[in-house]
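In: I'd like to go over a predicted model; first the sequence, then the structure.
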Amino acid sequence: MSQRDDSTFFLLERLRPSDWQRTLAWAALIGVAGALATLGFRGFLITAEYLLYGTTSGLVQSASSLAWWQRLAAPALGGVLAGAVLLVARRTTPHTPHGDYMEAVVLGRGELSAGSSLLRALSSACSVASGGAIGREGPMVQLAALTGSLFADWRQLPVPRRRLLVACGAAAGLTTAYGTPIAGALFIAEIVLQSLATETLAPLLITSVAAHLTVVTLVGASPLYRMPEIPLPGGPTFLLGGVLGLLAGVGAPLYLGLLDRAKAGFAAWNASLPLKLATGGLVVGALSIQAPQVWGNGFSVVNSVLQGDWLWQALLLVLVLKIAAVAATTGSGAVGGIFTPTLFVGAVSGALFASVVNLAFPGALPVPLGVAIGMGAFLSATTHAPLTSVLMIFEMTENYRVVAPLMLAAVFAYSVSRLLRADSIYASSQKARAAADPRLAVARDLLRTDSPTVQEGDSIALVEARLLESRWRHIYVVDAGGRFRGAIAMHDMATLLKEPHDPQAPWPAGLLKADYPRLAPDMPLWDLLAVFDAHPGERLPVLDEAGRLLGHVTKTDLLLILRDRLAVA
């Protein structure tokens, strides 16, 4: 019997799932949940558009079928509703964070409010369904990130794991929204977490794969943009692609500056949220009288432009009006994504460039290729993430021939844009992250409360059972008042079980390691690191001032938060 018990301990020690393995399993679950949340919101929008316009062929088609006064009124009325919902969100959840998932990942405790997130998604649905020039991917990713936050709350995970799981949810949302499992994970790693370490990237990839598999199983999958066949790019095409990248690098800071001025203008206006959003919607409505293509995120227009049938005059008109519509919508405070409208601007700019070039040099740059390079280059210039941009366009078009010229254009665009404007489109979240001082975090931020314990006088059988259940190398000992007395090592317990013993007898006092290291809840990270450096185990107990056990901190969580806080150093 003793030999069997010793073998059991040995096997459990070898087969015990690590925190890393559990994190990967959680990431897979969040991938499925995030994909379902994203698909649910997409279905809600499709239903709303059908009820409003009697068709599901897209907002541009819907706008084209409306009378001029209906085009004018619809976005304004949607803005009123969207602003009213945002007011409700602020009044019903006044003490919860109202930021997006990026702020949740890089600031505070990585928490998302379910009520606030749902109301913000409803506000976004009002803006999107009524024709607001904003992307639907914003609330999709927010709701997917919420699944990660809810799971972390359920498991009562510490801050580093909570942030990572919220980021995993966001990756699931991006993957589902764009059909880009690689770029979805890389976007979160490169832009949000600013870390390509395996500990960060691997869970994101697992989440993205799980989300993509869920989408394929439920609704199927196809390239987001239907790109026609293009010839193999040659030297002149690469040269023109590089020029397009340079132009994108110059244009992106101007575009971002216009969005900033629009936001500043609306912020300086002392008006209610419904009135601000209604005004932004009214501007979109007025622009749509001339060009219904300004409605929505521009997805259907990009697919149309990819076919190469547009005249350069029409491209120029739609580009100018769309930029104005995006500035009015985002500046007014509408909730939604800026990612897809940015792709629109890059796509139409690339098509316009290719059309003008082909007037002088027919066939020098195929319009579909110009569209793809324009999207990727402009995305790289606005996000300052060239690698993510290249992979994003490749996955959305599933055309490998665009990759090489796009790589050149993306690097040129990034280099010029970074020179002209240091801040990317996500600068606010990145600056907030850079301002996070790792010395401000303490042991309480990493606390886990599910520590297995035994008391003095408990039986040998109970200690054995607790060790088997927890699969820890040490189990903590507390008294009747919850005060920490020390720990019992699995190795010492296994040695005891080899000898003749009575399972119901109290465990011997000699097993207790009374000098076991311990932590205080207000101990800063640097002090935690010093204690762990002298301790070979994975976990250490955290005690309050009276010596009562509050929980424990793991070495993995400590390294995660240190890496996250110093990622931008």
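Out: Sure, I can see it. All values derive from a computational prediction rather than experimental measurement.
In: sec struct for L321, please.
Out: Recorded secondary structure, L321: helix (DSSP: H, G, I helix; E, B strand; the rest coil).
In: Quick one: neighbours of it, just the number.
Out: If you count neighbours by other CB atoms under 10 Å, L321 ends up with 19. Every C-beta, even on glycine, is put in place using the N, C-alpha and C of the backbone.
In: quick one: the helices in the stretch 301-450 of the chain?
Out: Listed in chain order, the helices of the stretch 301-450 of the chain (DSSP state H, counting those that start in this stretch) span 312-331, 339-360, 367-383, 386-397, 403-420, 427-434.
In: downstream neighbour of the helix or strand bottoming out on mean pLDDT in the chain in the secondary structure list?
Out: Here the helix or strand of the chain ranked lowest by mean pLDDT, DSSP states H and E is helix 427-434, holding a mean of 50. Note on helix 427-434: by DSSP states H and E, the next helix or strand toward the C-terminus is strand 453-455.
In: Going along the chain, name the helices of the stretch 1-150 of the chain.
Out: 2-15, 19-53, 59-64, 68-92, 101-106, 114-129, 137-155.
In: need these in CSV with mean pLDDT, mean neighbour count and distance to V305, can you?
Out: Shown next, in CSV, are these (pLDDT from 0 to 100; neighbours: other CB atoms under 10 Å; distance: least, CB to CB, whole Å):
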stretch, mean pLDDT, mean neighbour count, distance to V305
helix 2-15, 53, 13, 56
helix 19-53, 92, 19, 22
helix 59-64, 90, 22, 12
helix 68-92, 92, 20, 21
helix 101-106, 61, 25, 30
helix 114-129, 91, 23, 21
helix 137-155, 90, 25, 19
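In: Quick one: the ones you listed as JSON lines, columns for distance to T388 too.
Out: Output for these, formatted as JSON lines (distance: least, CB to CB, whole Å):
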{"stretch": "helix 2-15", "distance to T388": "38"}
{"stretch": "helix 19-53", "distance to T388": "19"}
{"stretch": "helix 59-64", "distance to T388": "27"}
{"stretch": "helix 68-92", "distance to T388": "29"}
{"stretch": "helix 101-106", "distance to T388": "14"}
{"stretch": "helix 114-129", "distance to T388": "23"}
{"stretch": "helix 137-155", "distance to T388": "14"}
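In: among these, which is nearest V367?
Out: Among those, helix 59-64 comes nearest to V367, with 19.3 Å by CB to CB.
In: just checking, what packs against that closest one?
Out: When contacts are defined as 3 or more CB pairs under 8 Å, 6 or more residues apart in numbering; DSSP states H and E, helix 59-64 packs onto helix 19-53, helix 299-306.
In: Could you save these as a markdown table and add columns showing distance to V283?
Out: What follows is the helices and strands packed on helix 59-64, written out as a markdown table (distance: least, CB to CB, whole Å):
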| stretch | distance to V283 |
| --- | --- |
| helix 19-53 | 20 |
| helix 299-306 | 18 |
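In: Compare these and give me the one nearest R471.
Out: Nearest to R471 among the helices and strands packed on helix 59-64 is helix 19-53; the distance by CB to CB comes to 11.3 Å.
In: For the residue located most distally from the centre of the chain, give me phi and psi.
Out: Distance from the C-alpha centroid of the chain peaks at P500, with 56.1 Å (CA atoms, centre = their mean). Main-chain torsions, P500, degrees, to the nearest 10: phi -60, psi 130.
In: how near is it to I460?
Out: Distance of P500 to I460, given as CB to CB, to the nearest Å: 12 Å.
In: Tell me which of the helices of the stretch 1-150 of the chain sits nearest to L218.
Out: Across the helices of the stretch 1-150 of the chain, closest to L218 is helix 19-53 (CB to CB), at 6.7 Å.
In: just how off-centre is the closest one within its chain?
Out: Centre-to-centre, helix 19-53 and its host chain are 13 Å apart (CA atoms, centre = their mean, to the nearest Å).
In: same deal with stretch 394-410?
Out: Relative to its chain's centre, stretch 394-410 lies at 23 Å (CA atoms, centre = their mean).
In: picking that back up, if we compare the helices and strands packed on helix 59-64, which one ends up closest to P75?
Out: Per CB to CB, nearest to P75 of the helices and strands packed on helix 59-64: helix 19-53, 12.0 Å.
In: confidence score at the residue positioned nearest the centre of the chain?
Out: Computing the C-alpha centroid of the chain and ranking residues by CA atoms, centre = their mean puts A170 first, at 3.0 Å. Note for A170: predicted pLDDT of 93.
In: Now do the SS call for it.
Out: helix.
In: wouldn't it be in contact with I188 here?
Out: Yes. Using CB atoms under 8 Å, A170 makes contact with I188 at a distance of 5.4 Å.
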